[in-house]
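Enquirer: build me a structure from this.
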Amino acid sequence: MNASNLTRPNMVIAVDGPSGSGKSSISKECANRLGFKFLDTGAMYRSVTWFCDTENLDEEDLIIERINNKDFKLDISTDPLKDQVKVNDEDVSKIIREDEITSKVSHFAAMSKIRQFLVSKQRELVKTSNSGIIVEGRDIGSVVLPEADFKIFITANDDVRAKRRG
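Expert: Numbering: from 1, shown residues only. I've put the predicted structure just below:
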């Protein structure tokens with residue numbers, strides 16, 4: 001029996017877990033094997049962080065105004081084999097993973113209007129995916145996609161997580 005016999009069109013799988021637990025690696029591999037799309041929601045938060053850092057933005061209402069006025073164009077690949085993120089046509093795939101951005105993500109992710117904006121974009125990407133999709137990140141099964149077909153929580157002990165992040 002192959003994987004396509006075990007899935008249905010437009011199946012949504014939500015994968016949650018703490019950083020360093022392996023949820024991205026596992027989700028990408030599963031998406032690839034199932035022929036599904038893959039959405040890394042953390043990359044979306046990192047992209048907003050990079051944009052705010054580059055534009056010297058820190059005030060939530062101004063950030064939302066700039067993002068909603070189309071000053072922020074996000075293009076994120078949902079191909080599990082293609083880790084590409086562009087902001088305003090600039091490839092930021094590597095820079096958003098650097099320590100400077102990583103250290104600032106939680107500041108912007110804590111802003112409720114930014115979270116609302118990105119949750120809306122994440123739901124839109126899932127709705128328009130036209131195929132099965134695995135969505136990975138924080139609060140995916142409880143907040144972003146509470147109606148997901150499957151909800152998976154991945155964890156690992158602190159030593160494993162520290163090695164994966166280090």
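Enquirer: quick check: residue 162 is in a helix.
Expert: Yes. Judged by DSSP: H, G, I helix; E, B strand; the rest coil, residue 162 forms part of a helix.
Enquirer: distance check, it against residue 24.
Expert: The spacing between residue 162 and residue 24, counted by C-beta to C-beta, to the nearest Å, is 16 Å. Quick note: C-beta positions are derived from backbone N, CA and C, even for glycine.
Enquirer: okay, these two: which has more neighbours?
Expert: residue 24 (21 against 11; other C-beta atoms under 10 Å).
Enquirer: and that one, what helix or strand is that in?
Expert: Using DSSP states H and E, residue 24 sits in helix 23-34.
Enquirer: for that helix, packing partners?
Expert: strand 12-16, strand 37-40, strand 133-137 (3 or more C-beta pairs under 8 Å, 6 or more residues apart in numbering; DSSP states H and E).
Enquirer: and if we set it to 10 Å?
Expert: strand 12-16, strand 37-40, helix 41-54, strand 133-137, strand 150-153 (3 or more C-beta pairs under 10 Å, 6 or more residues apart in numbering; DSSP states H and E).
Enquirer: gap between the longest one and the chain center?
Expert: In this case it means helix 41-54. Offset of helix 41-54 from its chain centre (C-alpha atoms, centre = their mean, to the nearest Å): 10 Å.
Enquirer: next: the fourth one.
Expert: Average the C-alpha atoms of strand 133-137, do the same for its chain, and the two points are 7 Å apart (C-alpha atoms, centre = their mean).
Enquirer: need the pLDDT of residue 56.
Expert: Among the per-residue scores, residue 56 holds a pLDDT of 96.
Enquirer: could you look up the SS state of it?
Expert: coil.
Enquirer: please report how far it lies from residue 125.
Expert: In terms of C-beta to C-beta, residue 56 sits 28 Å off from residue 125.
Enquirer: with neighbour numbers in mind, choose between these two.
Expert: Of the pair residue 56 and residue 125, residue 125 is the one with more neighbours under other C-beta under 10 Å, namely 18 against 6.
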